[in-house]
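Chemist: The amino acid sequence is not available; the structure is as follows:
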């Protein structure tokens, strides 16, 4: 029984190492830079904060990550949209559209 548990532990550890190696290889192939290796720590922190912040589309009410949202400056306010279609609807509708929520 003990041999089986040790064998299972070794297999799980091997799979974990293999997955880490594959992920690292894919990251290097795709050219993605991990946040912890960037030279300026402050900009990396700002990027992750922006990626985590959700903004609400005023037309359809969908919450979108700020980094992926389509911004529109309206006077002093900045409005974010989930798609170009929602942005166009907002502009055409006189900016009085609001989603129920």
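Modeler: Alright, I've got the coordinates. Since we're looking at a predicted model, the values are computed, not measured.

Chemist: Return the list of helices and strands in contact with the top helix by length along the chain.
Modeler: Taking DSSP state H as the assignment, the helix of the chain that covers the most residues is helix 2-30. Where contact means 3 or more C-beta pairs under 8 Å, 6 or more residues apart in numbering; DSSP states H and E, helix 2-30 is not packed against any helix or strand. Where you see a C-beta, it was placed from the backbone N, CA and C, and this is true even at glycine.

Chemist: Please work out how many residues are found near the residue nearest to residue 83 when sequence neighbours are not counted.
Modeler: Spatially, and ignoring its direct neighbours in sequence, residue 83 is nearest to residue 70 (6.9 Å; C-beta to C-beta, 6 or more residues apart in numbering). Residues near residue 70, counting by other C-beta atoms under 10 Å, number 15.

Chemist: wait, residue 70 sits on residue 80?
Modeler: Yes: the pair formed by residue 70 and residue 80 meets the contact definition of C-beta atoms under 8 Å, at 6.8 Å.

Chemist: what sits against the residue nearest to residue 83?
Modeler: Residue 70 is in contact with 80, 81, 82, 83, 84, 86, 87, counting by C-beta atoms under 8 Å, 6 or more residues apart in numbering.

Chemist: How about the last one, nearest residue that isn't a chain neighbour?
Modeler: In other words, residue 87. residue 81 (4.2 Å).

Chemist: The one you found contacts residue 91, correct?
Modeler: No: at 9.8 Å, residue 81 and residue 91 do not qualify as touching, with contact defined as C-beta under 8 Å.
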